[in-house]
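Peer 1: Sharing a sequence plus its predicted fold:
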Amino acid sequence: MTSSSAAIVGTTAPKYYLQKAGTGNKVLSSVALPSKWYLLWTFNCGAKRGTFKLTSTKKGQPLLAVTDQTGLGGGGQRPFTKSGTYRFAMRTTCSWKVTAASKPPSAAKSTTTTTAPKK
């Protein structure tokens with residue numbers, strides 16, 4: 001019988017400050033965010049091409065256009081380095097998901113290493 005061992009070399013899981021999903025235009029409630037965080041978004045318009053606009057407003061600051069995408073679907077991510085209270089708004093007819101997290105998904109995944117069995 002052969003055996004192998006797998007070691008999980010993990011990273012800490014991301015902390016989620018905001019996770020919202022919906023369809024159509026929406027202004028989300030304000031959320032307090034730390035000095036380093038990532039905004040992630042996806043949208044899906046099904047079989048009909050659509051537009052997805054995501055904006056951010058930091059309390060006391062002007063509106064920031066985060067993305068303006070057109071297509072059947074898509075997404076992206078953007079790092080932020082300023083703490084504060086933020087509000088996000090979507091203008092679209094498509095379904096969407098918006099997440100604010102401590103790190104992007106690629107940094108949140110664990111790495112698995114496998115050692116070959118000894119003979």
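Peer 2: Sure, I can see it. Residues are numbered from 1 along each chain as shown.

Peer 1: Which secondary structure element is home to the residue nearest to the spatial centre of the chain?
Peer 2: Geometric centre of the chain, nearest residue: residue 40, 2.3 Å, by C-alpha atoms, centre = their mean. Residue 40 belongs to strand 37-44 when assigned by DSSP states H and E.

Peer 1: need the helix or strand of the chain with the lowest average pLDDT.
Peer 2: strand 111-115 (a mean of 38; mean pLDDT, DSSP states H and E).

Peer 1: Report how many residues lie close to residue 25.
Peer 2: Neighbourhood size, residue 25 [other C-beta atoms under 10 Å]: 11. The way it works is simple: take the backbone N, C-alpha and C, and place the C-beta from them, glycine included.

Peer 1: The residue nearest to the centre of the chain contacts residue 99, doesn't it?
Peer 2: Yes - counting by C-beta atoms under 8 Å, residue 99 is a contact partner of residue 40 at 4.5 Å.

Peer 1: Setting aside sequence neighbours, what's the nearest residue to residue 78?
Peer 2: Of all residues not flanking residue 78 in the chain, residue 39 sits nearest, at 5.0 Å (C-beta to C-beta, 6 or more residues apart in numbering).

Peer 1: contacting residues for residue 97?
Peer 2: 19-21, 41-43 (C-beta atoms under 8 Å, 6 or more residues apart in numbering).

Peer 1: Residue 70 contacts residue 50, correct?
Peer 2: Yes - assessed by C-beta under 8 Å, residue 70 is found in contact with residue 50 at 7.2 Å.

Peer 1: neighbour count winner among those two?
Peer 2: For residue 70 versus residue 50, the count of surrounding residues by other C-beta under 10 Å is larger for residue 50: 17 against 11.

Peer 1: and the gap between the more buried one and residue 95?
Peer 2: Look at residue 50 and residue 95: by C-beta to C-beta, to the nearest Å, they are 10 Å apart.

Peer 1: any residues in contact with both of those two?
Peer 2: By C-beta under 8 Å, 6+ apart, the residues touching both residue 50 and residue 95 are residue 43.
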